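In: Starting from these lines, generate the structure:
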Amino acid sequence: MSLELPRIPSTDLSLQDLPVGKTSLGNAVVVGLKEIWAHKFRSALTMLGIVLGVSSLVAMSAMVQGMENGQREAMLAIGGLQKVRMEAQRVPVEQRHLRDLARGMTMADVEALKAGVPDIEIIAPEMRLDMDPTLQANGKFHRTFMTGGVVPEKVKIMEHEVEHGRMFNDIDASEARPVCVIGTGIRDELFGRPEETGSEVIPLGRTMTINGQPFTIIGMFKRYEGEQDRKQRLEREIELQRLKSEGKVPPKGPARGQGRSGNFAFWIKNNTVYMPLNTMWHRFQSGLSNAPAEPRLSNIELKVRDFSQIEQTLAKIRNIMMVNHRGIEDFAFRTFEDWSADIDRFVKNARMSGGLIAGISLFVGGIGIMNIMLASISERIREIGIRKAVGAGGLDIFVQILVESTVIAVVGGVLGLAFSRFVVLGITWVAPTGNDPVITTGAMALSFGFAVVVGLLAGIFPAVKAARMDVIQSLRYD
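Out: Here you go, the predicted model:
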């Protein structure tokens, strides 16, 4: 009776490549890589879900991180969490019978707060025109709602910096002088942008009319911009220098990307016009037929000394205001703490939504890995039988299949990390934002970790199925 030796199934791997008997982890990894290489097209399709899942998760996290950085940057640019804003509001419904007694916010409130709340570091009242004023200079017109009469302390609260000229002082205010300090956005609209004029225009001493009233410009704030806007501006300047060196005429008109499309907080700061509070009152308010006996403030902004005590400070402020206003609550608070909470809520929702989409891609990739491993087992039934016949245990087979599925996921994860950079660039090009996306190490590690976990989970069922195969039945398989 002759013993018929089992026939080795045809495969792209040579016999010496097959793990026989006990399998080391390193050998299992090598065999897994050779399996991927032996079936390149099939492996590529299998890894596609993992690649897309990892790259989309990294790209989503980068976009959200960039937007969060931009919002935080903007919040700090206009005062930070310590800033509190009090605005006039309509009398509540339950107090409508007292609305004729409501006098609005006045300088008396400012003095009372200075005297009664030592926790206030800076306080800055402001008076604005009811409608957006029309600015005129150099034969050009411009409208901006950021025109107000303020005190010099307003500069500290808004984190402004006078780069050219000076800020108005107490003498300017007491004499109600027609002077103003402007932002670079106002300069650009009325006197020309640097890229249009060939050099930076500093309009100190020039006259500008506000609703027909002449004002002398005595100062100009520095230009405020986010990181993305700064990069774009530097690129434009380099391009203009190149055109000039080649003797070409630079294009006229506003540069691409300027305006409100950037960070709105920086746009506000650049399009600001400040004049003394007393000047605003005497030139625009006191002469009106329905003008009140004393100046009515549009808002009062203040900065608290200790953010950890902001709730107690707001309670003190409210008590003083209620006493001054005879119990009529015709004012409201706005804090940047609410803005910060909105940012946190947006980031959380965006990450959950993007993570869900990326998770679906990874789940699809896991199904692909499971299917391909089941197909691989069907092709290697005799190989598994031979390994068991020469001493391999069920655990060895289980580890081999599990390692192979994990190797596919790991390779797909690495390719996904590399591809994520191109995905971010593509999204930025199609839908540019005010801030560059930020690819973080944490997001990459999390995405790659998910890919590895998916590979492990996807390989468990095929590995169990292979480990439980009967040796005799496997050897008889043709």
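In: how about Ala466, what does it touch?
Out: Residues in contact with Ala466 (Cβ atoms under 8 Å, 6 or more residues apart in numbering) are 377, 384, 397-398, 400-401. Just so you know, the C-beta spots here come from the backbone N, C-alpha and C atoms, and that holds for glycine as well.
In: neighbours around Asn138, how many?
Out: Using other Cβ atoms under 10 Å, Asn138 has 13 neighbouring residues.
In: ditto for Arg236
Out: 18.
In: okay, the contacts of Ala466 in CSV with secondary structure next?
Out: Formatted as CSV, the contacts of Ala466 follow (DSSP: H, G, I helix; E, B strand; the rest coil):
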residue, secondary structure
Ile377, helix
Ile384, helix
Ile397, helix
Phe398, helix
Gln400, helix
Ile401, helix
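In: which of the residues you listed has the weakest pLDDT?
Out: Of all the contacts of Ala466, Ile384 carries the smallest pLDDT score, 72.
In: Okay, the residue positioned nearest the centre of the chain and Gly426: tell me how far apart.
Out: Centroid-nearest residue in the chain: Met67, 0.9 Å away (criterion: Cα atoms, centre = their mean). As judged by Cβ to Cβ, to the nearest Å, Met67 and Gly426 stand 17 Å apart.
In: picking that back up, relative to Ala443, which of the contacts of Ala466 is nearest.
Out: Ile401 (30.4 Å; Cβ to Cβ).
In: Any stretches of the stretch 1-150 of the chain with poor pLDDT?
Out: 1-26, 28, 31-32 (pLDDT under 70).
In: Per the annotation, how does the protein divide into domains?
Out: Residue ranges for each domain of the chain read 15-73+343-476, 120-304, as given by automatic domain parsing.
In: Quick one: end-to-end distance for the last one.
Out: When you say that, I think you mean domain 120-304. 5 Å (Cα to Cα, to the nearest Å).
In: so Ile122 sits in a helix?
Out: No: counting by three-state DSSP, Ile122 falls outside a helix, being strand.
In: is it true that it touches Glu153?
Out: Yes: contact status for Ile122 versus Glu153: in contact at 5.2 Å, counting by Cβ atoms under 8 Å.
In: Now do the same for Arg187: its pLDDT.
Out: 93.
In: Okay, strands next: where are they in this protein?
Out: 83-88, 120-128, 134-137, 140-143, 147-150, 162-165, 179-182, 207-210, 213-221, 273-276, 299-304, 331-335 (DSSP state E).
In: What residues sit buried inside stretch 370-377?
Out: Along stretch 370-377, these residues count as buried under the neighbour rule (16 or more other Cβ atoms under 10 Å): 370, 372-373, 376-377.
In: of these, closest to Ala176?
Out: Closest to Ala176, out of all of those and judged by Cβ to Cβ, is Met370, at 79.4 Å.
In: how close does the closest one sit to Ala115?
Out: Going from Met370 to Ala115 by Cβ to Cβ gives 73 Å.
In: Next up, the contacts around Ser286.
Out: Ser286 neighbours (Cβ under 8 Å, 6+ apart): Pro295.
In: whoops, I mixed them up, Ile367
Out: For Ile367, counting by Cβ under 8 Å, 6+ apart, the contacting residues are 49, 458.
In: Could you do Leu456 as well?
Out: By Cβ under 8 Å, 6+ apart, the residues touching Leu456 are 402, 405-406, 409.
In: change it to 6 Å
Out: Taking Cβ atoms under 6 Å, 6 or more residues apart in numbering, we find Leu456 in contact with Thr406.
In: before we move on, the earlier item: from the contacts of Ala466, which is closest to Gly53?
Out: Ile401 (21.8 Å).
In: how near is the closest one to Ala409?
Out: 13 Å.
In: likewise Ser361?
Out: Ser361 is 13 Å from Ala409, by Cβ to Cβ.
In: same deal with Leu204?
Out: Applying Cβ to Cβ to Leu204 and Ala409 gives a distance of 64 Å.
In: Likewise for Met158?
Out: Taking Cβ to Cβ, one finds Met158 at 51 Å from Ala409.
In: Please say which of these two ends up with more neighbours.
Out: Taking neighbours as other Cβ under 10 Å, Met158 and Ala409 compare with Ala409 leading, 30 against 21.
In: Give the bridge partners for Pro125, please.
Out: Taking DSSP bridges as the rule, Pro125 bridges to Ile300.
In: Count the residues that sit near it.
Out: 25.
In: Kindly report the same for Val390.
Out: 9.
In: One more: the one 10 residues further on?
Out: One way to gauge burial is a neighbour count; for Gln400, by other Cβ under 10 Å, it gives 24.
In: same question, Ala176
Out: 18.
In: so which of the strands of the chain gets nearest Phe461?
Out: Per Cβ to Cβ, nearest to Phe461 of the strands of the chain: strand 331-335, 53.8 Å.
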